[in-house]
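Novice: The following comprises the amino acid sequence and a computationally predicted model.
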Amino acid sequence: MGKRPGLRPGGHELRESHRPHGRGSGGLVPVQPGTTDQQVQQYFDSGAMGPPPFATGGPSGGSDVESPGVSLQLTYNLPAGTYVLLCFVADDQTGMPHAMMGMHKVVVLH
Ligand SMILES: [Cu+2]
């Protein structure tokens, strides 16, 4: 996941292409303003089972796993705010979701 400066609230589209592993599973989850990717990683590294302290519980979006080599165009309609993009594809060796291994990106919808 790279920088996505074009993300906007409202009815827009997110194009997902997962080059590192040729398939993707993405979530767009609302978080408190000012949340950082470092905080997201610290939460995963802590092994906590409860909701993260930066969660807001607002509307979220996402997609299921895509086949290798396939890209996805996701239409979303979300309010302005801070969100974290998460990859839920499981690692081939360990089965660990990529998000826990660092494949997450905090983005702001203006
Ligand atoms: Cu991934």
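Specialist: All right, it came through fine.
Novice: make it CA atoms for all contacts and neighbour counts henceforth
Specialist: OK.
Novice: Kindly list the main-chain dihedrals of the residue nearest to P97 when sequence neighbours are not counted?
Specialist: Leaving aside its chain neighbours, P97 sits nearest to A90 (4.2 Å; criterion: C-alpha to C-alpha, 6 or more residues apart in numbering). The phi/psi pair for A90 (degrees, to the nearest 10) reads phi -80, psi 140.
Novice: wait, what's in contact with A90?
Specialist: Counting by C-alpha atoms under 8 Å, 6 or more residues apart in numbering, A90 touches 96-98.
Novice: Quick check: the residue nearest the centre of the chain vs F54, distance?
Specialist: With distances taken as C-alpha atoms, centre = their mean, L85 lies nearest the centre of the chain, 1.8 Å away. Per C-alpha to C-alpha, to the nearest Å, L85 is found 14 Å from F54.
Novice: Find the least confident helix or strand in the chain, judged by mean pLDDT.
Specialist: Sorted by mean pLDDT, DSSP states H and E, the helices and strands of the chain end with strand 10-16, the least confident at a mean of 58.
Novice: Next secondary structure element downstream of that one?
Specialist: As assigned by DSSP states H and E, the chain's next helix or strand after strand 10-16 is strand 26-31.
Novice: quick check, that next one touching the ion?
Specialist: No - contact of strand 26-31 with the ion is not found when judged by C-alpha under 5 Å from the ion; the minimum separation is 8.2 Å.
Novice: And for stretch 68-80?
Specialist: No - Stretch 68-80 stays clear of the ion (C-alpha under 5 Å from the ion), getting no nearer than 11.8 Å.
Novice: these two touch, right, the residue nearest to the centre of the chain and V106?
Specialist: Yes - taking C-alpha atoms under 8 Å as the definition, L85 is a contact partner of V106 at 6.2 Å.
Novice: residue at max distance from the center of this structure?
Specialist: Of all residues in the chain, Q93 sits farthest from the chain's C-alpha centroid, using C-alpha atoms, centre = their mean; the distance is 21.3 Å.
Novice: So for that one, what's the pLDDT?
Specialist: Per-residue confidence (pLDDT) for Q93: 92.
Novice: do the same with R8
Specialist: With respect to pLDDT, R8 scores 60.
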